[in-house]
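Undergrad: have a look; sequence and predicted model below, questions after that.
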Amino acid sequence: MLKLNRSIDRSITVLEVIQAAGACSLAVLAQETGLPKPTILRICATLENRRWLIRQKSDGCYRLGSAFPISGGKTEETDRLVAASKQEIVRLSTLCGMGVDLAAAIGDGRTEIVDSTRVFKQHGVYPEVIGYRPSPVFSALGLSFLSVSPAEEQTELLMKLAEKLPREERSVLPQLPQLLRTILKQGYAVRADGHWGRAVDYGALPSAIGVPIVADKTPVGAINLVWNADDARVETIVKSHLTNLRAAADVIGKNYARMGH
């Protein structure tokens, strides 16, 4: 009989406990698995490095990360986008010293954040954003994605958005076509001044610039740089890092297209 790999068996046990619970602290993992805490920390650090796990900054609990293969979870297209961008968003975040959010297209002109490199101690902005659907009219992600939607589809998209958006967001829809043309011309979108994307417990008001991700001429998502608004002006970030942001979006788009062939 072949000897089993003990390390892999322990890692799978940790993953099973976290998947069943949704999120687990180190103490709970030690209790449920019977493993020593130093062993669990090494296992979790390895899985974090592969982005199979994420350690929540708010409470230190572990949950499944964006790269963990979940059957019946994300759509195939979303899984592919996460895989195509996994290394690139980390590289971009390290290069620029800011958080990076990745959003995937979910239909009707909307996107959903499916991965992020935000770390509160490093970037000073609220980090728990995976699963959040950014505003299509106020967020850098939403606006950059909409800006590259085919012109013949934009009118229909705006009509669909008008049926679902909150009143504050619906009020700016008449001006949106001109704004999208401006964004398309300048090559990036900016988070609206003073826009809080969601209620938060900590962190500063963020600023962000975003660009679309296009694969084989089809918009598949968007990527942004996000930072504490008090730390730098938008113009400074654009001058210093827009080229890097665009290059990352281009790499991700090419990776995504290649994975689909």
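TA: Sure, I can see it.

Undergrad: so how many other residues sit close to the closest residue to residue 139 other than its chain neighbours?
TA: Among residues not flanking residue 139 along the chain, residue 191 sits closest, at 5.9 Å (C-beta to C-beta, 6 or more residues apart in numbering). Quick note: C-beta positions are derived from backbone N, CA and C, even for glycine. For residue 191, the count of nearby residues is 25 (other C-beta atoms under 10 Å).

Undergrad: and residue 98, how many neighbours?
TA: 28.

Undergrad: one more: residue 145?
TA: Under the criterion other C-beta under 10 Å, the count of neighbours that residue 145 has is 29.

Undergrad: that one: which element?
TA: helix 140-147 (DSSP states H and E).

Undergrad: okay, now the unreliable bits of this structure?
TA: Scanning the chain for pLDDT under 70 picks out 1, 56-59, 66, 70-75, 197-203, 261.

Undergrad: which residues does the helix holding residue 145 contact?
TA: For helix 140-147, the external contacting residues (C-beta atoms under 8 Å, 6 or more residues apart in numbering) are 101, 103, 105, 109-111, 113, 134-137, 154, 157, 176, 179-180, 183-184, 188-191, 208-212, 219, 221-224, 226.

Undergrad: can you give me the buried ones in it?
TA: In terms of neighbour count (16 or more other C-beta atoms under 10 Å), helix 140-147 has its buried residues at 140, 141, 142, 143, 144, 145, 146, 147.

Undergrad: could those go into CSV alongside distance to residue 78?
TA: Shown next, in CSV, are those (distance: C-beta to C-beta, whole Å):
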residue, distance to residue 78
140, 20
141, 14
142, 16
143, 20
144, 18
145, 14
146, 18
147, 21
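
Undergrad: for the residues you listed, which one is nearest residue 234?
TA: residue 140 (9.6 Å; C-beta to C-beta).
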